[in-house]
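Student: Predicted model and sequence follow; I will ask about them next.
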Amino acid sequence: MKRKKVEAMINFDKKIDFQQKKNNLLTVGEILIDMISTDYGDRFEGDTYRRFFGGSPSNIAINTKRLGINSTVASAVGNDGLGDYLVNYVRQANIDLSFIQQVDYATGMV
């Protein structure tokens, strides 16, 4: 039996064209700092950590933006250095910041 060659449904190197609307995707939820240890001992203890951009909804928005979908994030971060880091990360991804508030609470960390 001869098999038919199957073409890929999505080429991840190309932008996906969608009908232009103000927002194709709106994510609502946390933007936070993931603190990941850079060293581990035998019992997985660590004293050195690096900060990383985190939060599932915001990561979905950034990754879909990279695929060509117009994405927006609705969330809040602290009015502190970590909040500034997160807002700048979203800004660098060319996502509209209109729905991200900086509030008088500490930025969340995991």
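Tutor: Received it, and whenever you're ready, just let me know what you need.
Student: What strand or helix carries the residue most central in space within the chain?
Tutor: Centroid check for the chain by C-alpha atoms, centre = their mean gives Asn59 as the closest residue, at 2.0 Å. Using DSSP states H and E, Asn59 sits within helix 56-66.
Student: Which strands or helices does that helix pack on?
Tutor: strand 25-28, strand 71-78, helix 81-92 (3 or more C-beta pairs under 8 Å, 6 or more residues apart in numbering; DSSP states H and E). For glycine as for every other residue, the C-beta is placed from the backbone atoms N, C-alpha and C.
Student: Can you mark which positions in that helix are buried?
Tutor: Neighbour counts using 16 or more other C-beta atoms under 10 Å place 57-58, 60-62, 64-65 of helix 56-66 among the buried residues.
Student: which residues sit against that helix?
Tutor: If you take C-beta atoms under 8 Å, 6 or more residues apart in numbering as the criterion, helix 56-66 is touched by 24-25, 27-31, 53, 71-73, 75, 86, 90, 93-95.
Student: Tell me which residues touch the closest residue to Tyr85 other than its chain neighbours, please.
Tutor: Of all residues not flanking Tyr85 in the chain, Arg51 sits nearest, at 7.0 Å (C-beta to C-beta, 6 or more residues apart in numbering). With contact set as C-beta under 8 Å, 6+ apart, Arg51 has these partners: 33-35, 82, 85.
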